[in-house]
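>>> Any chance you can model this:
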Amino acid sequence: MVFLIALLVGRPAWAGGLYIIANPNMKVSGEVSSRELAAIYLLRLVTWPDGTHLVPVNRELGSEIRKKFTEEVLGVDTRALATYWNQMHFQGKQPPLIQESQRAMIAFVKSVPGAIGYVSSNNPPAGVKVLRYVPDR
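All right, here's what the predicted structure looks like:
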């Protein structure tokens, strides 16, 4: 019993998987690759083929879910990403917007055309388009 409680208490907030989500009106078919997501989140890809302006959204700096997304989906160390954004700042580019909670992330993505974000869940959230599922390791 103690072992089971320790397991449950020690589980990270994102246990259950990570869903990459988009505005429900986004015209996407199939799963979006890590390479495409990295291009979107590094602002190398700013519009979708249909002309929709992309709006990447992150969770707050230091959150476990952001760390998981950055390392496992984008394939970048969080320190390297911070260095990248420091360099981009001098080119006039700002990092993706931030939402401070899962509820805020879902609401933002639902309401903003072109928005792309991520949430942790055992089930995909309602009212958004799922671009990809990243299972818990």
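>>> mind listing what residue 108 touches?
57, 97, 99, 115, 117 (CB atoms under 8 Å, 6 or more residues apart in numbering). Yep, even glycine has a C-beta here, placed from its N, CA and C like the rest.
>>> Checking it next. Helix, strand or coil?
helix (DSSP: H, G, I helix; E, B strand; the rest coil).
>>> Run through the bridge partners of the residue lying closest to it once chain neighbours are set aside.
Leaving aside its sequence neighbours, residue 108 sits nearest to residue 99 (CB to CB, 6 or more residues apart in numbering; 5.3 Å). For residue 99, the beta-bridge partners are residue 59 (DSSP bridges).
>>> tell me the pLDDT at residue 99?
pLDDT, residue 99: 97.
>>> Just list what the longest helix along the chain packs against, helices and strands only.
Looking across the chain with DSSP state H, the single longest helix is helix 78-89. Helices and strands touching helix 78-89, as assessed by 3 or more CB pairs under 8 Å, 6 or more residues apart in numbering; DSSP states H and E, are absent.
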